[in-house]
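Trainee: fold the stuff below for me.
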Amino acid sequence: MSGDLTIRFVTRQDYAQWLPLWEGYNAFYGRSGPTALAPEITAMTWTRFGLTHYLFHRSTTMIEPNCYLQDLFTSAAARGKGVGRALINGVYERAKLAGSSRVYWQTHETNHIAMQLYDKVAERSGFVVYRKLF
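Mentor: I've put the predicted structure just below:
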């Protein structure tokens, strides 16, 4: 399937195709029903991104920007067909064009299926993520 894919920026006309992916992504991480994100968060996210979400930021240890792959999600029907790899490669290309020498991301430790792909296209950094929610 990956040979038939086109990786491109999202357009306003993509909303109807994006929304089920966004809802599936959130449900995967337990944000559905009573724990669902507020509609205004979904609306704001749509104005900012599509799926795959990535952003560039500065680092204290590098001159060039880092690229953080924030979200990656495909429909269940697309899994195992090269879509995830193509999306990651698309981010790699954007990062190179921006002068970045690093793309990184996080995933939940239980996301074993995705980690099978991630272990093939990147290396684990060994870092542990800490956070404090307010």
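Trainee: tell me the first helix or strand C-terminal of the helix or strand bottoming out on mean pLDDT in the chain.
Mentor: Least confident helix or strand of the chain, by mean pLDDT, DSSP states H and E, is helix 39-48 with a mean of 86. As assigned by DSSP states H and E, the chain's next helix or strand after helix 39-48 is strand 53-57.
Trainee: which elements pack onto that following strand?
Mentor: Packing partners of strand 53-57 (3 or more CB pairs under 8 Å, 6 or more residues apart in numbering; DSSP states H and E): strand 66-71, helix 83-97. Just so you know, the C-beta spots here come from the backbone N, C-alpha and C atoms, and that holds for glycine as well.
Trainee: out of the ones you listed, nearest to residue 41?
Mentor: Evaluated over the helices and strands packed on strand 53-57, closeness to residue 41 peaks at strand 66-71, with 13.0 Å, by CB to CB.
Trainee: partner strands of the closest one and their direction?
Mentor: strand 53-57 (antiparallel), strand 103-104 (parallel) (DSSP bridges).
Trainee: could you export those strands to TSV, including columns for distance to residue 87 and mean pLDDT?
Mentor: Shown next, in TSV, are the strands paired with strand 66-71 (distance: least, CB to CB, whole Å; pLDDT from 0 to 100):
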stretch	distance to residue 87	mean pLDDT
strand 53-57	10	94
strand 103-104	12	97
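Trainee: which one of those strands lies closest to residue 81?
Mentor: Comparing those by their distance to residue 81 (CB to CB), the top pick is strand 53-57, with 20.9 Å.
Trainee: buried sites along that closest one?
Mentor: Buried positions in strand 53-57, judged by neighbour count with 16 or more other CB atoms under 10 Å: 53, 54.
Trainee: before we move on, back to that, now the strands paired with strand 66-71 as a markdown table including distance to residue 66?
Mentor: What follows is the strands paired with strand 66-71, written out as a markdown table (distance: least, CB to CB, whole Å):
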| stretch | distance to residue 66 |
| --- | --- |
| strand 53-57 | 6 |
| strand 103-104 | 7 |
